[in-house]
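[1] Got a predicted structure here, sequence first:
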Amino acid sequence: MMNPSQSLILIVDPYSTGCMVAQEISKRGYPVMAIWTKGFSDEMKTHVPVSCRDLKYVAQVQDEEGWDLNDLEKAVKATAVSAANKIGRGEDYYTIVGCIAGGEAGVDVADAFSEHLGVLSNGAKGDFANRRDKKVQQELVRSAGLRAVRQACGEKFEDVEEFLKSESYPVVLKPTDSAGSDGVKLCHTYEEAKAHFAYLLTVEAVNGGFNTQVLCQEFLRGNEYVIDHVSRNGVHKTMMVWVYDKRPRNGSQFVYFGMIPIDPMSEEAKVLIPYTRGVLDALGMVHGPSHGEVIFTEDGPCLVEMNCRAHGGDGNWAPLARALCGGKYCQVEATADAYLDEDEFNKLPDTPPSPLQAHGLEVNLVSYSKGKVKSMPGFDVIKKLPSFVWLSPAASIGSEVNFTVDLISSPGCCVLMNSDKAVLQKDLDFIRYLEEINGLFVYETKGASLARPTAATFGLGTLPEGKKLHRRAMTIDRPGMLRIMSSDRPELRGGLMKRFTTIDASKEVAVVVDPYSTGCLIAKEIQNRGYKVIALWTKGFSDEMKLHVPLSCGKITYHAEVTEGDDLGETTRALYTAAGQLRIVCCIAGGEAGVDAADLLSERLQVRTNGAQGVFANRRDKKVQQELIAQAGIRSVRQAAGKKFEDVREFLLKEEYPVVLKPTDSAGTDGVKLCHDFDEAREHFENLFEVEAVNGGYNTEVLCQEFLRGKEVRFVCQSVRYCPSLCLITRCLFSSCLVRR
């Protein structure tokens with residue numbers, strides 16, 4: 001048997017978990033040489049897990065443009081001789097005994113070069129020449145008689161145009177050689193798919209280089225699973241079965257929230273494991289690690305893609321996988337066994353133990369904010385959780401954090417494990433809470449004096465001579481730290497600061513737009529906390545509705561009452577005049593009629609706002625709401641809206657009755673009617689333009705919708721976290737975070 005210290009292992013593009021495989025091989029006494037493929041970016045070469053920071057290669061070789069496999073072999077052998085000479089050894093000291101892919105970008109070269117060198121190889125000839133290509137994978141799987149996805153692929157849009165016109169939406173578009181969720185998008189319309197196709201051919205891939213082909217596939221509905229294997233001589237050992245927790249967030253449909261282990265004897269695993277092994281056989285995967293992604297559809301498992309390398313994610317899952325297997329092994333060690341020690345590979349069990357030997361999961365952190373990191377207090381808090389095992393931040397002080405839209409943009413990952421499932425769930429809920437309140441990071445900010453806008457700000461002239469500007473205090477983007485005063489989490493108290501965003505409530509004022517009904521309760525709660533309240537009444541809001549005050553509020557006296565002006569500038573000036581020397585700290589809707597004005601004014605006043613730009617300019621419009629929901633891939637109602645009956649006639653002729661008609665900006669059940677035939681719908685459509693709305697004013701558009709059958713459930717939410725009481729709604733507006741859950 002050859003001395004391990006002389007047996008050279010080549011790792012092609014070692015990054016992420018590939019570094020952990022290289023490190024495991026190095027620990028066993030084998031020298032490792034890194035080969036970097038053409039176009040592999042310098043940035044990705046630094047993508048090294050924290051646990052592998054001390055990893056050293058005996059040498060590194062860059063595959064140059066114009067080289068073939070013979071040229072690469074010459075360069076590798078010359079470099080090996082040079083490395084041997086540096087330690088005082090002869091030119092025949094090192095013998096190449098293995099060539100392994102260290103990441104997605106290195107699969108093609110590793111397959112071809114290992115075959116060229118005559119070491120263990122999956123080969124790169126015939127049907128398997130492009131096994132990494134997602135389109136080729138599906139065709140090979142289909143040829144083997146296994147369920148495969150409907151698809152079309154091309155270098156130009158004409159190649160996929162017919163498919164995109166005939167396939168039901170949504171559809172998935174992605175590069176044929178994508179890694180992670182890089183470039184993957186769920187497109188809901190033909191136009192969106194066409195635009196994303198063009199986009200993918202113009203942007204650089206995460207691994208470096210540019211995409212050359214785009215794959216369009218049917219959207220598979222069902223849970224997505226990960227099945228990890230390691231193979232040798234066609235014998236496939238299952239390392240672990242996971243289910244992805246993927247959700248739509250930050251405008252992306254595929255944001256990773258984590259990965260949950262599945263018992264190998266569960267009903268789904270009993271189907272997934274043999275299906276995945278059939279896929280490996282169809283792709284000619286006989287040696288090494290693999291990472292299969294499969295969706296369990298209504299008609300059984302269907303391959304999403306087979307990654308012909310180790311499971312990625314920087315190997316953060318490895319400590320958990322070992323614990324689930326009784327602390328003995330995971331895919332990293334098994335990969336080393338497959339290439340270096342056949343006897344040890346043969347001793348590995350066919351599947352992980354059942355039941356699994358621990359309770360745990362991998363948590364991918366999600367950022368709902370962006371900025372340059374000043375500090376990372378949330379990460380220190382996570383480390384104090386009872387279930388904490390491992391944390392791998394993808395950000396550091398001074399780095400830039402962005403909104404999480406895929407696996408690459410996640411700010412980090414942690415592993416949680418606990419013998420008590422309830423404690424594990426509690427810790428997971430707390431991490432999600434930290435994310436929602438942007439408690440993971442404090443960003444660098446520049447203090448700015450948010451002075452009262454002048455007339456000149458709006459291009460409306462200048463202030464009268466001697467008129468003083470409204471003074472405002474300095475502010476920053478967000479508080480420096482969250483407050484935690486929960487008596488049931490004593491382990492989290494150490495070192496946490498308490499800080500409020502407000503300075504002195506007696507010098508501050510809140511604007512409530514159209515305060516009636518529950519809006520009066522909010523105004524009253526604000527006053528009880530020491531703040532002044534200005535009531536802003538929108539144009540057309542009836543005097544009768546102003547008297548709609550709950551008995552519990554008694555008589556409410558406002559600091560001032562202002563009527564909406566002819567334009568935003570006039571209204572803003574009126575509010576600042578009413579505020580005087582008081583600082584306006586928020587502008588909120590006190591009822592349905594005030595939503596639009598509150599969104600516009602809060603944006604203009606530069607206080608916390610939902611905004612009123614772009615697609616959200618008419619978010620109160622019931623028709624627009626349904627369209628935005630549909631675009632997000634969520635079930636929405638069938639509908640048509642119009643200002644004249646001809647706009648909705650076709651819908652009412654073909655839709656099943658009864659149907660619902662209502663004004664697009666209705667409040668409560670004002671104007672809502674269930675119509676049982678076409679004539680009744682037409683009559684009510686005309687009536688809605690003749691009657692005054694309950695909030696005042698007249699309807700300008702009518703919405704016709706399908707009748708939804710089932711129980712109607714109402715949810716009360718607010719933007720910082722769930723809120724079972726009015727007190728907490730107000731608290732989110734004036735303090736850095738919630739005091740209690």
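    All right, it came through fine.

[2] any low-confidence regions in this protein?
    1-2, 177-181, 205-209, 446-504, 666-668, 694-697, 714-741 (pLDDT under 70).

[3] Longest helix of it, counting residues only.
    helix 69-86 (DSSP state H).

[4] For that helix, give me every contacting residue.
    Applying C-beta atoms under 8 Å, 6 or more residues apart in numbering, the external contacts of helix 69-86 come out as 8, 10, 31, 33, 35, 58-61, 63-64, 67, 90-91, 93-94, 96, 109, 112-113, 116-117. In this view, the C-beta of every residue, glycine as well, is placed from N, C-alpha and C.

[5] Give the buried residues for stretch 260-271.
    Going by neighbour count (16 or more other C-beta atoms under 10 Å), the buried part of stretch 260-271 is I260, P261, I262, D263, P264, E268, A269.

[6] Check these against T404 and report the nearest one.
    Nearest to T404 among the buried residues of stretch 260-271 is I260, at 18.6 Å by C-beta to C-beta.

[7] hang on, that closest one packs against K246?
    No. The pair I260 / K246 is not scored as a contact, 11.4 Å apart, by C-beta atoms under 8 Å.

[8] Among the buried residues of stretch 260-271, which lie within strands?
    Among the buried residues of stretch 260-271, the ones falling in strands (DSSP state E) are I260, P261, I262.

[9] Break down the stretch 251-400 of the chain into its strands, ranges please.
    Assigned by DSSP state E, counting those that start in this stretch, the strands in the stretch 251-400 of the chain fall at 252-262, 288-297, 300-307, 360-364, 371-375, 388-393, 400-401.

[10] Rebuild the ones you listed as TSV, extending it with distance to V615.
    TSV is the format used below for those (distance: least, C-beta to C-beta, whole Å):
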stretch	distance to V615
strand 252-262	16
strand 288-297	29
strand 300-307	30
strand 360-364	27
strand 371-375	24
strand 388-393	33
strand 400-401	25
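
[11] can you tell which of these is closest to N223?
    Nearest of the strands of the stretch 251-400 of the chain (C-beta to C-beta): strand 288-297, 5.4 Å.

[12] Can I get that closest one as PDB, trimmed to CA atoms?
    Extracted in PDB, the C-alpha atoms of strand 288-297 (Å, rounded to 0.1, in the frame of the first residue of the first chain):
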ATOM      1  CA  GLY A 288     -18.100  10.200  -4.900                       C
ATOM      2  CA  PRO A 289     -20.600  12.500  -3.200                       C
ATOM      3  CA  SER A 290     -23.900  13.700  -4.600                       C
ATOM      4  CA  HIS A 291     -26.600  16.100  -3.500                       C
ATOM      5  CA  GLY A 292     -30.000  15.400  -5.100                       C
ATOM      6  CA  GLU A 293     -32.900  17.800  -4.900                       C
ATOM      7  CA  VAL A 294     -36.300  16.200  -5.500                       C
ATOM      8  CA  ILE A 295     -39.900  17.500  -5.200                       C
ATOM      9  CA  PHE A 296     -42.600  15.100  -4.000                       C
ATOM     10  CA  THR A 297     -45.400  15.900  -6.300                       C
END
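
[13] And K270, how close does it get to C330?
    22 Å (C-beta to C-beta, to the nearest Å).

[14] Correction: the previous question concerned E646.
    65 Å.
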